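Engineer: Mind looking at a prediction? Sequence and model below.
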Amino acid sequence: MNVSHPSVHPVEDPPTIGGGGGGNNELARVRMKDIQGKPGTPGGLALRICQFVFAVVGLCIMATTSDFPSVTAFCYLVAATGLQSLWSFSLAIIDIYALLVRRSLQNYRVVTLFTVGDGITSTLTFAAACASAGITVLIDNDLNSCAQNHCAQFETATAMAFISWFTALPSFLLNFWSLASR
C-alpha cells in the first residue's frame, strides 16, 4: 500500500538570545545565502562582465562605421553603450574587490546606488537599441538602400545593445527586489 508523506512537519521553537530566564526573547537573526546576481557575488560579476563585453562590442562596431554620425539614433546608441560599458566596468571592479576581500555589498545605500544606476543605464541602452533598430529597419526594408550603407554593422551593433540591455535587466531587478525585501 502506498502511503503519502505528511505535508506538515513539526517545527522546533526558535532559538533565543540571552540563554537563561532573563526574559530576553529576541530571536537570533539568520542571514540567508546571497542570491547569485546580486552585487558582490560571482553571478553578479558574470552579469557585469557580460554587460560590459556586449556594450563594448556594440560600441566598437558602430564607431568603426564612417556614417553613423549622420543619424541621431546611432549617435544615441554610441553614447548609451559607452555609458553602459563605463558603468558595468566600474561595478565589475567593485564586485571583484568585494569577492577578493570577501565583503558583502548588501549595504542599503550601496544597493540603492546600484539600483538607480542600473535602472538609468538599462533604460538608456534599451531606448537607444529600439531607436537604432527602427532606423535600421527603415534603411533596410523601407528605403532599400542597404547597398550604400553599413546595414550589417548597424544591425550587429543594435543586437549587441539589446543583449547588453538583456544582461543589465537582471542586475536591476535583483537589486530592486533586495531593496523592496528590506
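Structural biologist: Okay, I see it. Residues are numbered from 1 along each chain as shown.
Engineer: can we go C-alpha only for contacts and neighbour counts from here?
Structural biologist: Noted.
Engineer: Can you classify the residue nearest to Pro39 when sequence neighbours are not counted as helix, strand or coil?
Structural biologist: Once flanking residues are discounted, Pro39 sits nearest to Leu105: 5.8 Å by C-alpha to C-alpha, 6 or more residues apart in numbering. Following DSSP: H, G, I helix; E, B strand; the rest coil, the label given to Leu105 is coil.
Engineer: surely Leu105 meets Val111?
Structural biologist: Yes - Leu105 is in contact with Val111 according to C-alpha atoms under 8 Å; the separation is 7.3 Å.
Engineer: Can you check which residues contact both of the two?
Structural biologist: The overlap between the contact sets of Leu105 and Val111 (C-alpha atoms under 8 Å, 6 or more residues apart in numbering) consists of Pro39.
Engineer: Give me the more crowded residue out of those two.
Structural biologist: More crowded of Leu105 and Val111, by other C-alpha atoms under 10 Å: Val111, with 20 against 17.
Engineer: how about the more buried one, what does it touch?
Structural biologist: Per C-alpha under 8 Å, 6+ apart, neighbours of Val111: Pro39, Leu105, Asn175, Ser178, Leu179.
Engineer: change it to 10 Å
Structural biologist: Lys38, Pro39, Leu105, Gly117, Phe172, Leu174, Asn175, Phe176, Ser178, Leu179 (C-alpha atoms under 10 Å, 6 or more residues apart in numbering).
Engineer: what's the neighbour count on Gln148?
Structural biologist: 8.
Engineer: residue contacts, it?
Structural biologist: Contacts of Gln148 (C-alpha under 10 Å, 6+ apart): Ile139.
Engineer: quick one: secondary structure of it?
Structural biologist: Assignment for Gln148 (three-state DSSP): coil.
Engineer: shift numbering so it begins at 20
Structural biologist: Got it, first residue is 20 now, which makes that one Gln167.
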